[in-house]
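*Asks:* following is a predicted model, sequence given first.
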Amino acid sequence: MSTVPQNRPEYNRFTTGNFSLDEMVTTPNFIIYIFELFFCFIAFFINLMFITIISNTTTLHRNLRILLISNCIADAIYAISRYMILVPLIVSYLFNIEITSITYCWLAKSLHHWVLGASGLTFFVLVMERSLASFLYQTYESQSCYQSGFVLTGFQWSYGLLIVVANQLDLMGTPRIYPRLPCQIEYSTARAIGVFVVAGFSLNIIAVLISENVKSISLLIPVIVVMIISNIVSTLTISVNVIVYIFVRETPESQRISIMTLVTGRGNEISQIYDICAVLCKIAFCWAIRTHPDLYKKWKSLFGNSKIGPKSDRPNLDVMGLDGKKLTFTVIEETQHHFDSLAEIWK
């Protein structure tokens, strides 16, 4: 790593200058990158585990499994995209060399934005699927239909792709002159990102209002909590840079850079808070899924902790009511009982 001469200013993300490659990744940047790569490593493998677990369960409806698997795939790809972006920056910091090109970093960041946009709608599509299950309670759980699962998944991934396309269209004709390494450049515009943040947040607010009337979503409450927290934190952290930009836009140019550096950091480290929160939410999503009884049992079986003996060896622990009906239910029986109750209400 080179030493910054005393006769020229210290690097920051908002000024141009004859800076070396390792200067353009600050030490705080580097430390946060290392932590993020560690969390991405965990997120990648834990999502692969849950793809296997969800694929093999039979207690969740096929459409619900399709949506959960779709989100796990998006989160696993997200971890890969972060490695694609961060590894070249770490190499530049450690060895003062650049191993990527603008084309490579554009592809990596486009992939990153695509899967991030897709996973951002997971809460919305889950609530829509559960709402559909409640509206079609008479036949939905008993029929092995899966068309709606693929339609909602297609909408989810199309939304993410639309974010990438809109960003590129909005960038046309915009000069991209940044004092940054290729993988530090934001291949997007604040205007396009702002529109989709508002759109995604609005869809999730609608989903919150709908979910209050969907009883069958109770087993997914931990997942819903994680997704709501994720969307709130993501919106707040993305908004920081926008707010700072709006605030300093009216200040004299001589003061603008110092204010932005003071608030966001010399290497724009405040933006990395969003990246850390995002990858932690990928891990938390899987941990929330784990609270489902059947998925938790399959999770334990991966580590050899689930000891399930033959049915004949188990004592009969059913609690019977005075009318002779069982008061305890399996997960499948509880789901069926719920929809039978709905049928009685809607008659």
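*Replies:* Here it is on my side, so go on. Bear in mind the structure is a predicted one, so any value in this text is a computation, not a measurement. Numbers count the residues shown, from 1 in each chain.
*Asks:* the closest residue in space to Thr264 that isn't next to it in sequence: how many residues sit nearby?
*Replies:* Closest residue to Thr264 apart from its sequence neighbours, by Cβ to Cβ, 6 or more residues apart in numbering: Ile270 at 4.5 Å. (Glycine included, C-beta is placed from N, CA and C.) Counted with other Cβ atoms under 10 Å, residues neighbouring Ile270 total 14.
*Asks:* so who does Ile270 touch?
*Replies:* Thr237, Val240, Asn241, Val263, Thr264 (Cβ atoms under 8 Å, 6 or more residues apart in numbering).
*Asks:* of the residues you listed, which belong to helices?
*Replies:* Thr237, Val240, Asn241, Val263, Thr264 (DSSP state H).
*Asks:* identify the farthest-apart pair in those residues.
*Replies:* Thr237 and Val263 (13.0 Å; Cβ to Cβ).
*Asks:* more neighbours: which of the two?
*Replies:* Counted by other Cβ under 10 Å, Thr237 and Val263 do not tie: Thr237 has more neighbours, with 18 against 15.
*Asks:* how close does that one get to Phe201?
*Replies:* 13 Å (Cβ to Cβ, to the nearest Å).
*Asks:* now do Val225
*Replies:* 17 Å.
*Asks:* repeat for Tyr146
*Replies:* 29 Å.
*Asks:* now swap in Arg191 and tell me
*Replies:* 16 Å.
*Asks:* next one: Ile69
*Replies:* Distance from Ile69 to Phe201, by Cβ to Cβ: 25 Å.
*Asks:* pick out whichever of these two has more residues nearby.
*Replies:* Ile69 (19 against 15).
*Asks:* residue contacts, the more buried one?
*Replies:* Per Cβ under 8 Å, 6+ apart, neighbours of Ile69: Ile51, Ile54, Ser55.
*Asks:* rerun at 6 Å
*Replies:* Ile51, Ile54 (Cβ atoms under 6 Å, 6 or more residues apart in numbering).
*Asks:* so which bits of the strand or helix carrying it are buried?
*Replies:* Using DSSP states H and E, the secondary-structure element containing Ile69 is helix 62-95. For helix 62-95, a neighbour-count test (16 or more other Cβ atoms under 10 Å) marks 63-79, 81-82, 84-89, 91-93 as buried.
*Asks:* neighbours around the residue lying closest to Ile276 once chain neighbours are set aside, how many?
*Replies:* Closest residue to Ile276 apart from its sequence neighbours, by Cβ to Cβ, 6+ apart: Glu36 at 5.9 Å. Glu36: 22 surrounding residues under other Cβ under 10 Å.
*Asks:* and Glu36, that's in a strand?
*Replies:* No. Using DSSP: H, G, I helix; E, B strand; the rest coil, the secondary structure at Glu36 is helix, not a strand.
*Asks:* that one and Phe19: what is the separation?
*Replies:* Taking Cβ to Cβ, one finds Glu36 at 23 Å from Phe19.
*Asks:* let's have the contacts of Ile270 in JSON lines, adding distance to Cys281.
*Replies:* Below are the contacts of Ile270 laid out as JSON lines (distance: Cβ to Cβ, whole Å):
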{"residue": "Thr237", "distance to Cys281": "11"}
{"residue": "Val240", "distance to Cys281": "17"}
{"residue": "Asn241", "distance to Cys281": "19"}
{"residue": "Val263", "distance to Cys281": "24"}
{"residue": "Thr264", "distance to Cys281": "22"}
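*Asks:* just those: which has the poorest pLDDT?
*Replies:* Minimum pLDDT across those is recorded for Asn241, with 67.
*Asks:* how about the helices in the protein?
*Replies:* So, for the chain - with DSSP H - the helices run 27-56, 62-95, 102-120, 122-135, 147-171, 190-211, 221-248, 253-264, 270-289, 293-301, 331-346.
*Asks:* now the angle between helix 190-211 and the fifth one, please.
*Replies:* Here helix 147-171 runs at 160 degrees with respect to helix 190-211, directions being taken by axes from the mean of the first three to the mean of the last three Cα atoms, to 10 degrees.
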